[in-house]
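In: Return a 3D structure for these sequence lines:
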Amino acid sequence: MSDGDESDAVAVTSERSLVSDAVSAALAGSGLRVVRLPWPGSRWDPQAGWPGDAPRPSLGVMICDLTLPVTQTARWLVGVYPSRWLVMTDTPKGPLWGGILEVGVVGVLPSTTSLSELLVAIAAFRVSGTSRLPADRDQLVAQWRHDEAERESMDARMSSLTPRECEVLFQLRLGRSVREIAQLHGVAHSTVRSQVRSVLQKLGVSRQLAATALLDRWEGPREE
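Out: This next block holds a predicted model:
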């Protein structure tokens, strides 16, 4: 990367360093000035923010698979590193696209985008500010916001459970009966029955099966 005004450069980052290296090398080989950025958490503390003296090109290319944790990291990066971003991903269109579009990403491209196509997209944005936003951007953002509100609601309900109630819920998911759980913990059957009622009430459901299904949904995004 040569010295000079970084506004003419292109920032590149990826959750996979080898991918970031390859894309950076390809863009540099095509005559672009590249600022190679580490993925948050790989070289610095994400809670501390981006270093104040870090170069900030006007446009960046982010290559990532949009799981929920990666989407949250990408949203954070867009917020602390104020460049306009093109995202390249294999993730099918859905609410996670909405998560990155909401924070101002200017376009989403498939990871199969060729170098020549990427160069065209970069040039188009630089010349006229042309974005690559999907036609249903607003719908995708609305889906993300709906899912985010549902996750926050589930977080609040799950956090209301006591450690013992959490343990009872996990045992129910394993298929153990109230009597088996009571025997396992060496407590009265009535004690576990009371704990189950409390779990159902706090989670806002009426059946044990619904409670375990809610647990599966709550845990699912965190395992992606």
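In: So for this protein, the centremost residue is which one?
Out: Nearest residue to the geometric centre of the chain (C-alpha atoms, centre = their mean): T71, 2.2 Å.
In: Same question for that residue, what's its three-state structure.
Out: Per DSSP: H, G, I helix; E, B strand; the rest coil, the local secondary structure of T71 is helix.
In: which residues of the chain fall in helices?
Out: Ranges of helices within the chain are 17-29, 68-80, 95-101, 115-128, 137-159, 163-173, 178-185, 189-203, 208-219, based on DSSP state H.
In: With L86 as the reference, name the closest of those.
Out: helix 115-128 (6.2 Å; C-beta to C-beta). Quick note: C-beta positions are derived from backbone N, CA and C, even for glycine.
In: Where does pLDDT dip in the chain?
Out: The model of the chain has pLDDT under 70 over residues 1-7, 42-54, 220-224.
In: okay, now the domains of it?
Out: Structural domains assigned to the chain are 6-140, 160-223, following automatic domain parsing.
In: Next, format the ones you listed as CSV and append distance to E152.
Out: Below are the domains of the chain laid out as CSV (distance: least, C-beta to C-beta, whole Å):
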stretch, distance to E152
domain 6-140, 13
domain 160-223, 11
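In: Just say which of the ones you listed is most tucked in.
Out: With neighbours defined as mean count of other C-beta atoms under 10 Å, the domains of the chain peak in mean count at domain 6-140, which reaches a mean of 16.
In: if I pick the residue nearest to the centre of the chain, what's in contact with it?
Out: For T71, the contacting residues are L96, G99, I100, by C-beta atoms under 8 Å, 6 or more residues apart in numbering.
In: Can you add distance to G60 and give the helices of the chain back as TSV?
Out: What follows is those, written out as TSV (distance: least, C-beta to C-beta, whole Å):
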stretch	distance to G60
helix 17-29	11
helix 68-80	9
helix 95-101	12
helix 115-128	10
helix 137-159	19
helix 163-173	41
helix 178-185	52
helix 189-203	41
helix 208-219	32
